[in-house]
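[1] Requesting a structural model of the entry that follows:
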Amino acid sequence: MGYIDHIRACNNHDLSRFVSFQGPAGQSIGWVRRDNLALLSEFHDVFDFTQDVLRLKKVDDITAHMAQVTQALQDKKQINGWRGELYAVSPRFGEEPLFLIERAATPLFGIRAYGVHINGFVRDKGQIKMWIAKRAADRMVCPDMWDNMVAGGQPAGLSLMGNIIKECGEEAGIPEDLARQAQSVGTVSYMMETDGGLKPDVMFCYDLEVPKEFVPNNTDGEVASFHLMGVEEVADIVKKTFDFKFNCNLVIIDFLIRHGVLNPDEITDYEELVRGLRR
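    Prediction:
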């Protein structure tokens, strides 16, 4: 296998199996797999159904109506991993949201979810080393797998930097003044079909160089341990295994490209790799 296999694994969708999910004014906000439309057929007060479109009706308080829909589906065990965390839904990031929705329901509706991923690293005698997290065994998603030093979904009502400060404190014991030094380095995106639906997700990526004496310390139970690895060791794990959480591979590949660990003289599918990080 190779780096490109992670790009392909995170973009395994077939949109011919989906219908467009639209807002009341026809705004594109997601994708619903055709075999999941039957789950929504009873909610005629919320949705209009056509052959190729599922559209929200013009109702007061869409958030409340969608909460009723998602709670009913949760009661029928059609939504897994309920988080009790609301995500904002809008055609573009940063726009006024059309409504808020339970995080666990976003794949069912193919709604683009956002998150922050922080590459924590140190420089030691001219070499880069990365702090890598080992996910706890009780995680709903990818237990016991490798992860970025800090990562988290982007909840409604919180700025990206506010979320970075929160996640850095919870997941790695990083004080606010250090967390604020995280440097924005762009986005990585993918569109992954899952058992629950579609994940057309965007990760806001940050690099955070931490002092050599700093050691991350988890405070919320999501991380079992942290390991300081040479960047070449991290690259080798990504290249040869699926031991990292699926989307974290893409964030690390982006880091390796930006820091010159991967280059076009040595990677034959370099162009495809770079292009595949932003779908």
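
[2] check contacts around the closest residue to L86 other than its chain neighbours.
    Of all residues not flanking L86 in the chain, L100 sits nearest, at 4.3 Å (CB to CB, 6 or more residues apart in numbering). For glycine as for every other residue, the C-beta is placed from the backbone atoms N, C-alpha and C. By CB atoms under 8 Å, 6 or more residues apart in numbering, L100 lies in contact with T63, M66, L86, Y87, A88, V89, A156.

[3] mind running it again at 6 Å?
    Shown in contact with L100 (CB atoms under 6 Å, 6 or more residues apart in numbering): T63, L86, A88, A156.

[4] isn't there a helix covering I111?
    No - using DSSP: H, G, I helix; E, B strand; the rest coil, the assignment for I111 is coil, not a helix.

[5] Can you give me the domain assignment for the protein?
    4-10+113-276, 15-105 (automatic domain parsing).

[6] ranking those by burial, who's on top?
    domain 4-10+113-276 (a mean of 17; mean count of other CB atoms under 10 Å).

[7] Verify the assumption that S225 is located in a strand.
    Yes - under three-state DSSP, S225 falls within a strand.

[8] Return the distance of the nearest residue to it once chain neighbours are set aside relative to M229.
    The spatial neighbour of S225 that comes closest, neighbours along the chain excluded (CB to CB, 6+ apart), is K134 at 4.7 Å. Per CB to CB, to the nearest Å, K134 is found 11 Å from M229.

[9] Check Y190 too.
    When Y190 is compared with M229 (using CB to CB), they lie 24 Å apart.

[10] Equivalent analysis for A156, please.
    From A156 to M229 the distance is 34 Å (CB to CB).

[11] what does M145 give?
    15 Å.

[12] Quick one: the strands in this protein, in order.
    18-22, 28-33, 47-49, 53-56, 86-89, 99-102, 114-124, 127-135, 146-147, 150-153, 183-194, 197-209, 223-230 (DSSP state E).

[13] May I see those organised as JSON lines, with distance to R278 added?
    Listed next are those as JSON lines, based on distance: least, CB to CB, whole Å:
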{"stretch": "strand 18-22", "distance to R278": "21"}
{"stretch": "strand 28-33", "distance to R278": "18"}
{"stretch": "strand 47-49", "distance to R278": "31"}
{"stretch": "strand 53-56", "distance to R278": "27"}
{"stretch": "strand 86-89", "distance to R278": "21"}
{"stretch": "strand 99-102", "distance to R278": "24"}
{"stretch": "strand 114-124", "distance to R278": "14"}
{"stretch": "strand 127-135", "distance to R278": "22"}
{"stretch": "strand 146-147", "distance to R278": "21"}
{"stretch": "strand 150-153", "distance to R278": "18"}
{"stretch": "strand 183-194", "distance to R278": "5"}
{"stretch": "strand 197-209", "distance to R278": "9"}
{"stretch": "strand 223-230", "distance to R278": "26"}
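
[14] For D75, find the nearest of the ones you listed.
    strand 99-102 (12.6 Å; CB to CB).

[15] For F18, give me its contacts.
    Residues near F18 by CB under 6 Å, 6+ apart: W31, R33.

[16] just to revisit the earlier point, who does the residue nearest to S225 bridge with?
    Listed by DSSP bridges, the beta-bridge partners for K134 are W146, S225.

[17] Same check on E102?
    Under the criterion used (DSSP bridges), E102 bridges to L86.

[18] before we move on, what about I128?
    R123.
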